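Peer 1: Dropping a prediction and its sequence here:
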Amino acid sequence: IWGEAFNFSSLAGVPTLGKTGFGAALSHAPFFDGKERFVFLVMPHIGAAGTRGELGKVLREGQGCESGACGALIALRNEITSGDVQLGVDSDDIEQSLLRMRLYPAVLASGHTPS
């Protein structure tokens with residue numbers, strides 16, 4: 001019924017599609033029983049536990065050692081803890097810029113630094 005998925009991946013599970021991107025995704029939705037059907041699944045890939053049970057770590061197939069997941073969220077946390085958060089759009093890193101601009105105000109409002 002559903003056919004192929006339309007992948008609109010982005011960093012940290014935060015959709016960065018605009019009107020054009022969502023329009024493209026919706027134009028691929030199948031019709032079933034006279035209705036257009038679509039499901040959006042959006043989530044970060046947080047490492048469940050590395051080989052030693054460390055949250056946020058994952059051993060990827062073909063890699064020799066564990067690495068962090070989600071790297072974009074880890075990078076943002078590191079910026080926050082260092083006090084060096086650069087808001088604004090970096091044209092060489094647009095997705096991370098958008099992630100930072102969406103999440104940083106919420107982190108400040110919460111009063112807690114993510115661990």
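Peer 2: Everything's here; your move.

Peer 1: List of residues touching the lengthiest helix in the chain?
Peer 2: Longest helix of the chain, by residue count under DSSP state H: helix 94-110. Residues outside helix 94-110 that contact it (C-beta atoms under 8 Å, 6 or more residues apart in numbering) are 10-12, 14, 16, 72-73, 75-76, 79-80, 85-90, 113-114. Every C-beta, even on glycine, is put in place using the N, C-alpha and C of the backbone.

Peer 1: If we use 7 Å, what do you get?
Peer 2: Applying C-beta atoms under 7 Å, 6 or more residues apart in numbering, the external contacts of helix 94-110 come out as 10-12, 14, 16, 72, 75-76, 80, 85, 87-90, 114.

Peer 1: from the residues you listed, which would you call buried?
Peer 2: 10-12, 14, 16, 72, 75-76, 80 (16 or more other C-beta atoms under 10 Å).

Peer 1: Pipe those residues into JSON lines and attach distance to G56, pLDDT and secondary structure per row.
Peer 2: What follows is the buried ones among the contacts of helix 94-110, written out as JSON lines (distance: C-beta to C-beta, whole Å; pLDDT from 0 to 100; DSSP: H, G, I helix; E, B strand; the rest coil):
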{"residue": "S10", "distance to G56": "19", "pLDDT": "80", "secondary structure": "coil"}
{"residue": "L11", "distance to G56": "15", "pLDDT": "83", "secondary structure": "helix"}
{"residue": "A12", "distance to G56": "13", "pLDDT": "83", "secondary structure": "helix"}
{"residue": "V14", "distance to G56": "17", "pLDDT": "79", "secondary structure": "coil"}
{"residue": "T16", "distance to G56": "22", "pLDDT": "78", "secondary structure": "coil"}
{"residue": "A72", "distance to G56": "12", "pLDDT": "88", "secondary structure": "helix"}
{"residue": "A75", "distance to G56": "12", "pLDDT": "90", "secondary structure": "helix"}
{"residue": "L76", "distance to G56": "13", "pLDDT": "91", "secondary structure": "helix"}
{"residue": "I80", "distance to G56": "15", "pLDDT": "93", "secondary structure": "helix"}
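
Peer 1: Kind regards, and thank you for your time.
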